[in-house]
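Trainee: return atomic coordinates for the entry below.
(one chain, ligands or ions: 1)
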Amino acid sequence: MTAIAEDYRPKVEASYRRCLLSGTFFDDFYQTFLASSPLVAEKFRNTAWEKQKNLLRIALRQMVDYYFAHDEAAAQTMADIGDSHSKAMMNITQELYDLWLESLMTTIAEHDSHYSDELGKAWREVMNHGIAAITARYE
Ligand code: HEM
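Mentor: The predicted structure is shown next:
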């Protein structure tokens, strides 16, 4: 991890805590994500939402840990998500991850009262690291 990346850590952690304060972060994320494309809505047509929101809360925590802590459990979570989202399983293509990331960034900007361009850049770098690990298992 570079010095710049290490410097991001308290900023991203504090931003994430502010995002969770409202209690509607995951509802708002999924609302934005589902509205981003009919392809997304189609994938989630049979979803049990309370369970899904909880699983994403855990996975997002793991994505942050995967970037900053090089956590083995987090790396395993990335691999497991990569397998369930692979071509042979749910077939989640790269364009859907682009929508996922843009929806997440919109939701963070709306929820974090101290949001800035620098924080946006940090969040993108952290999330892209996890997304790369997940999509590496697509084929
Ligand atoms: C980095 C981004 C993502 C993360 C961290 C993530 C995380 C998760 C997790 C933890 C689960 C539940 C456990 C599992 O099946 O592995 C899940 C399920 C699912 N994800 Fe993702 N996901 C991501 C991106 C996407 C994208 C881009 C789509 C595209 C539409 C998607 C669609 C789904 C669907 C359809 C399910 C199953 C929902 C159900 O049970 O009905 N995910 N995801």
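
Trainee: list the helices and strands the host helix or strand of residue 81 packs on?
Mentor: Per DSSP states H and E, residue 81 falls inside helix 72-84. Packing partners of helix 72-84 (3 or more CB pairs under 8 Å, 6 or more residues apart in numbering; DSSP states H and E): helix 49-68, helix 117-135. Using the backbone N, CA and C atoms, a C-beta is placed for each residue, glycine as well.

Trainee: mean pLDDT, distance to the ligand and mean neighbour count added to the ones you listed, as JSON lines?
Mentor: Converted to JSON lines, the helices and strands packed on helix 72-84 look like this (pLDDT from 0 to 100; distance: least, CB to the nearest ligand atom, whole Å; neighbours: other CB atoms under 10 Å):
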{"stretch": "helix 49-68", "mean pLDDT": "96", "distance to the ligand": "4", "mean neighbour count": "16"}
{"stretch": "helix 117-135", "mean pLDDT": "97", "distance to the ligand": "5", "mean neighbour count": "17"}
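
Trainee: look at residue 46 and give its secondary structure.
Mentor: At residue 46 the chain is in coil, as set by DSSP: H, G, I helix; E, B strand; the rest coil.

Trainee: pLDDT value on it, please?
Mentor: Here, the pLDDT recorded for residue 46 equals 95.

Trainee: dump the helices and strands packed on helix 72-84 to CSV, plus distance to residue 76.
Mentor: CSV is the format used below for the helices and strands packed on helix 72-84 (distance: least, CB to CB, whole Å):
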stretch, distance to residue 76
helix 49-68, 9
helix 117-135, 10
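
Trainee: for the following helix or strand past the helix holding residue 81, name the packing helices and strands.
Mentor: Downstream of helix 72-84, the first helix or strand assigned by DSSP H and E is helix 94-111. Identification of packing neighbours for helix 94-111 by 3+ CB pairs under 8 Å, 6+ apart yields helix 3-21, helix 25-36, helix 38-43, helix 117-135.

Trainee: only the buried residues of the helix holding residue 81, if you could.
Mentor: Buried residues in helix 72-84, counted by 16 or more other CB atoms under 10 Å: 74, 77, 78, 81, 82.
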